[in-house]
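> sequence first, predicted coordinates after that:
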Amino acid sequence: MPWVDELAAKLVTDSVGVLNDTIFISSKSTTPQAVAPRNRLPDGKATITITDTGGMRRLRIQNDRYGYERPSAQLVARAPTDAAAYALANAARDSLDGLDNVTIDGVRYVWLRAKQGPVDIGPDSKSGYPQYSFNVEAMKDPS
């Protein structure tokens, strides 16, 4: 299972959102903002998209063939208002930051960290909605 699915599972478990309703995986996913007319989202939902950003090389320890994976991802929250986009990004960051020795969706994480707090990255090019982004990185067992 891709690690972004594990991040999405953690967000769902922590009641940050619902997969394929307010939480989307991959920059190629079709969010409600992508299909709504500019600045008009029918239900006013804030959404978050999780995109894998590659990470770093595996950390191998002695004769361990697989070692630990070192993935990273970017999360982007969009909403009709600046405050709603920031609140969703902040809730997601709180869910995923500062975790040590946890199991997420059946996979052991040595650690999971947000690299920074939510940052305003300007309006979405399709909807004009405010966007806030942050990045996460982890060290984990292979999925």
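That came through fine. Numbers count the residues shown, from 1 in each chain.
> could you pull up the contacting residues of the closest residue to Gly122 other than its chain neighbours?
Spatially, and ignoring its direct neighbours in sequence, Gly122 is nearest to Gln131 (6.6 Å; CB to CB, 6 or more residues apart in numbering). C-betas here are computed from N, CA, C, even on glycine. Gln131 makes contact with Val76, Ala77, Arg78, Ala85, Asp120, Ile121, Gly122, Pro123, Asp124, according to CB atoms under 8 Å, 6 or more residues apart in numbering.
> and the residue nearest to Asp105 when sequence neighbours are not counted, how many neighbours?
Spatial nearest neighbour of Asp105, excluding adjacent residues (CB to CB, 6+ apart): Ala9 at 4.1 Å. Ala9 has 17 neighbouring residues, counting by other CB atoms under 10 Å.
> check which helix or strand Ala9 maps to.
helix 3-13 (DSSP states H and E).
> return the alpha-carbon coordinates of that helix using CSV.
Only the C-alpha atoms of helix 3-13 are listed here, as CSV (Å, rounded to 0.1, in the frame of the first residue of the first chain):
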residue,chain,number,x,y,z
TRP,A,3,2.4,5.5,2.2
VAL,A,4,0.0,8.3,1.3
ASP,A,5,-2.9,5.8,1.9
GLU,A,6,-1.5,5.3,5.4
LEU,A,7,-1.5,9.1,6.0
ALA,A,8,-5.1,9.3,4.7
ALA,A,9,-6.1,6.5,7.1
LYS,A,10,-4.5,8.4,10.0
LEU,A,11,-6.4,11.6,9.1
VAL,A,12,-9.7,9.6,8.8
THR,A,13,-9.0,7.9,12.2
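> mind listing the strands for the chain?
Assigned by DSSP state E, the chain shows strands spanning 23-25, 47-52, 56-59, 68-70, 72-78, 99-104, 107-114, 119-120, 131-140.
> off-centre distance for the first one?
Relative to the chain's own centre, strand 23-25 is displaced by 8 Å; criterion: CA atoms, centre = their mean, to the nearest Å.
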